[in-house]
Every structure is written in structure tokens, then in C-alpha cells.
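>>> structural data only, the sequence is not supplied:
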DNA sequence: TTAAAACATGTCATTAATTACACGTTTTAA
DNA sequence: TTAAAACGTGTAATTAATGACATGTTTTAA
């Protein structure tokens, strides 16, 4: 079942909150949703066309300034229904995380491999930075209890991502400590 | 830089351990390496041809039984060099995990959404099963201290995957407990 | 002995995704 | 005032990946 085109559901999910242009949707992937999903505008515009052909969204043209045409997309009732169905349906496939570092590690045969320790150091630095970044985001996006309740799912996944990174950093640390001091 | 064709490196990594046929490589994705990376034979055979065209591998034909031809692939010196370079090079891109459940969660706005609790239960069941599966694998594949040392990288990533799943299950559990009892 | 399962190797069609190409408008700051 | 940055919408070429199509051999177990 391939990647099952999740982009269509992300677009529907975002349009379900408010009408947006293709450009707005593209920006959304640079901001919050970009933390855990990526898409380029070259993928978004054709997908908008397909969703509209299928009747899941519609658009109205608005003029910005003197003549710049913007297409503001709205979700339709059937689109909202499709979104609801997707969320309600089971999610039984735990997609294996394609982590390139983990893949490389698989080919390291012994703890004496000189490439191992530098690899672990690099990853510890990267994941420590990522953790700090996510913690800063949580503080910025959800500063109050009320804000957490207002957008509960988003709050949960940010929290989850922080916990995941914290685990990753901790595992790297423990692994570094467990490696015999060479020679 | 797209997906950067990691399959080629996986093939090189496996051939670096011992000569294998396309079929053997396909099987490897059903077993150990399949825990964290997927590939079908329809992707593997063309990739073998490309790697051979580029001089990174060669093959010899052997006859199995009366006339069944098997192509046994070997890594070349330049292939081994390419593999080494890939492993030694930095791995600075932390690929965002495309977890469909997390994506759905993003669109859940409040803790009273009736879809939320069933979703969390399903994921808890799935990740609990996955955790048990990985723990069983660890016991089976690495029963002794010696076996862990013999294939250290593989041991590390299995351990890592177990820790990751344990964290996931724990987070789901905590999240379920934190949700107000409705109504 | 015979049928199913496993072994073995390929191609083709389609979809998903990235990068690059392409064009034009509006706003903002030097 | 003018140039850069941001806004805004598309297409084309290429690559990666899946699922289906296609064919044949060998081994194993009923």
C-alpha cells in the first residue's frame, strides 16, 4: 500500500481548521507540521488540484493588492468526512523508522571499530541539539496550561518527540560509556 | 538529496560479509535487516545490475541441481571502499520519523475527542506487541555475551529499538492516564 | 508420486517525492 | 527609489519504491 498518500490528509486536516492558499500550506510545512512531516510546493499544488477534482475541497479566488490572484481553498463536507474516516480508521502499520545512522551501525561488527565512537559522538551532538530545539518549541508554542488544552494533539506529539529525543540521547550516552577504552 | 539510495549501501554492506545471490539479499530483508529497513526483489535485482555496471560488485554463475543458475555476487575493492566511505562520512540529517499515528494525533484538537482514547489503546497494543517481539529477537539472536561482541552494531540497534519501543509504550500509558475521564 | 513450498531471476506500470525550471506580484527595508 | 525578500502559482525531469506480472527449477513433505 505504498505511502498511501498521506499528504492529501494533511492538506484536508489543515483546511479543516481554516481556509488556506497553496502558499499557506507550503509554509505550514516550514513551521509546526514540518517538525514531523515534509512536503514541497511542487507536490502541494498538484495535490490540491486532485483533491478539488474529487470534490474534497473547493477554492475561491481573491485579489491581493492590485491584481495578485490567490486561491483560497476550503474543505467540503465530503472532504471533512474523508478526513474523519482516515483519523477514525485503525493505524496498524508501525512504519519502521528509516534512520541512516542506525543503518550504518548495523554494519559495524566490533566495538573496536575506529569509526564507532566518532559516529556516536556526532549523533549525541545532533540529538542533543534536536532535543533542545524541541524543548524550546514546546515552551514557545505551549506556554500555558490553556494553550495545551486548546490544541491537545499537537501538544501531545511535541511532548512525545521530546521524550523520544531524550531517550535517544540517553541511549547514545550509555552506549558510549559501555564501549571498552580501546587498544 | 532525496532518499540518497541507501539500498545500494545495504547491498554492499551485506556482500561485504559474504557473497550472496539476489534471492539471499531479498531474504535478508525478511529477516534481521527487515526489522528496520525494507526492500523488494523488484528493487534489488535492478540495483545489483547498476552496482555491477559501476564496478562495485561482480558475480559468478553457479549451477544448483541440474540447471538452475544462481548469480553469486561479490563485493569488489572499490565497492568495499565506497561502503567504508559511506559509513565514515557524517550522518547529519536526522530524518523525521513519518509515523502515521502521530500525524493523525496532530489533528485531534481536544482531549474530549472520542477518537482519541481508542487510538491510544490501539497503539499501546501494537507497540506492546512490537516490544515483546523485539525482546524475543534479542534473546534469540544474542543469547550470549560472546554473540553480542561478535556482531556489535546489530546488537546495539536491537537494544536501541527495544528502548525506543519501551519509551513509546510508556508514553502511551502516561498519556492515557492523563486524559480526563470525560462527561 | 505428486503437489506445494521454497528457490531463483527478472520486467512493467504506477505512485510518491525531490530538485530544478519558470514566471509574476507585493511588501519591506536600506 | 529601488532592490531584496517574501508572496504566490505552477510544470518538468528524475529518482525511489511498491505491487503486479511473468517464468521457470528444486526440494520437501504428504
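Yes, it's here. Remember, it's a predicted structure, so these values are computed and weren't measured experimentally. Numbering: from 1, shown residues only, chains lettered A, B, ... in the order given.
>>> spatially nearest residue to residue A:80 (excluding sequence neighbours)?
The shortest distance from residue A:80 to any non-neighbouring residue, by CB to CB, 6 or more residues apart in numbering or on different chains, is to residue A:16 (6.0 Å). All C-beta spots, glycine's among them, are computed from the backbone N, C-alpha and C.
>>> neighbours around that neighbour, how many?
Residue A:16: 15 surrounding residues under other CB atoms under 10 Å in any protein chain shown.
>>> and the one 3 residues further on, by the same measure?
Using other CB under 10 Å as the criterion, residue A:19 is surrounded by 17 other residues.
>>> residue A:92 now?
Counted with other CB under 10 Å, the neighbours of residue A:92 add up to 11.
>>> give the helix, strand or coil label for it.
Of the three states, residue A:92 takes coil under DSSP: H, G, I helix; E, B strand; the rest coil.
>>> correct me if wrong: the residue nearest to residue A:80 contacts residue A:75.
Yes - shown here, residue A:16 and residue A:75 form a contact pair, counting by CB atoms under 8 Å, at 5.2 Å.
>>> re the thing from before, tell me the phi and psi of the residue nearest to residue A:80?
Torsion angles at residue A:16 (phi, psi; degrees, to the nearest 10) stand at phi -70, psi -20.
>>> so what's it up against?
A:75, A:79, A:80, A:83, B:107 (CB atoms under 8 Å, 6 or more residues apart in numbering or on different chains).
>>> restrict those residues to those near DNA strand C?
Filtering the contacts of residue A:16 for proximity to DNA strand C by CB under 7 Å from any atom of the strand leaves nothing.
>>> hmm, back to that, let me know the pLDDT of the residue nearest to residue A:80.
We have a pLDDT of 98 for residue A:16.
>>> how about the one 5 residues further on?
On the pLDDT scale, residue A:21 is placed at 98.
>>> quick one: contacts for it?
Residues counted as contacts of residue A:21 (CB under 8 Å, 6+ apart) are A:70, A:71, A:72, A:73.
>>> excluding chain neighbours, what is closest to the residue nearest the centre of chain A?
Residue closest to the mean C-alpha point of chain A, counted by CA atoms, centre = their mean, is residue A:36 at 1.4 Å. Spatial nearest neighbour of residue A:36, excluding adjacent residues (CB to CB, 6+ apart): residue B:96 at 5.1 Å.
>>> hang on, that neighbour in a helix?
No - checked against three-state DSSP, residue B:96 lies outside a helix; its state is coil.
>>> state the distance from it to residue B:14.
Going from residue B:96 to residue B:14 by CB to CB, to the nearest Å gives 27 Å.
>>> give me the more crowded residue out of the two.
residue B:14 (22 against 14).
>>> test my guess that the more buried one contacts residue B:20.
Yes - Residue B:14 is in contact with residue B:20 according to CB under 8 Å; the separation is 6.1 Å.
>>> pull up the overlap in contacts between those two.
residue B:28.
>>> still on that earlier bit, list the contacts of the residue nearest to the centre of chain A.
Taking CB under 8 Å, 6+ apart, we find residue A:36 in contact with A:157, A:161, B:96, B:97, B:98, B:99, B:102, B:103, B:106.
>>> could you count how many residues lie near the closest residue to the fifth one other than its chain neighbours?
Right, residue B:98. Of all residues not flanking residue B:98 in the chain, residue A:95 sits nearest, at 6.1 Å (CB to CB, 6+ apart). Using other CB under 10 Å, residue A:95 has 13 other residues around it.
>>> phi, psi for residue A:95 please.
phi -60, psi 120.
>>> pretty sure residue A:108 is touching residue A:118, no?
No - at 11.4 Å, residue A:108 does not count as touching residue A:118 under the criterion of CB under 8 Å.
>>> measure the residue in chain A positioned nearest to DNA strand D to DNA strand C for me?
DNA strand D sits closest to residue A:42 of chain A, with a gap of 2.9 Å, by CB to the nearest atom of the strand. The gap separating residue A:42 from DNA strand C is 3 Å, by CB to the nearest atom of the strand, to the nearest Å.
>>> what strand or helix carries that residue?
Using DSSP states H and E, residue A:42 maps to helix A:41-53.
>>> is the next helix or strand after that helix in proximity to chain B?
Next along the chain after helix A:41-53, taking DSSP H and E as the criterion, comes strand A:57-64. No - using CB under 8 Å from any CB of the partner chain, strand A:57-64 stays clear of chain B, with a minimum separation of 15.5 Å.
>>> if we can go back for a sec, quick one: which of the contacts of residue A:21 is the most crowded by neighbours?
That'd be residue A:73 among these, by other CB under 10 Å, with 23 neighbours.
>>> against residue A:33, how distant is that residue?
16 Å.
>>> who's in contact with the residue lying closest to residue A:162 once chain neighbours are set aside?
Once flanking residues are discounted, residue A:162 sits nearest to residue A:134: 4.8 Å by CB to CB, 6+ apart. Residue A:134 makes contact with A:35, A:158, A:161, A:162, A:165, according to CB under 8 Å, 6+ apart.
>>> ok, so of the residues you listed, who is nearest DNA strand C?
Taking the contacts of residue A:134 together and measuring to DNA strand C by CB to the nearest atom of the strand, the closest member is residue A:35, at 14.0 Å.
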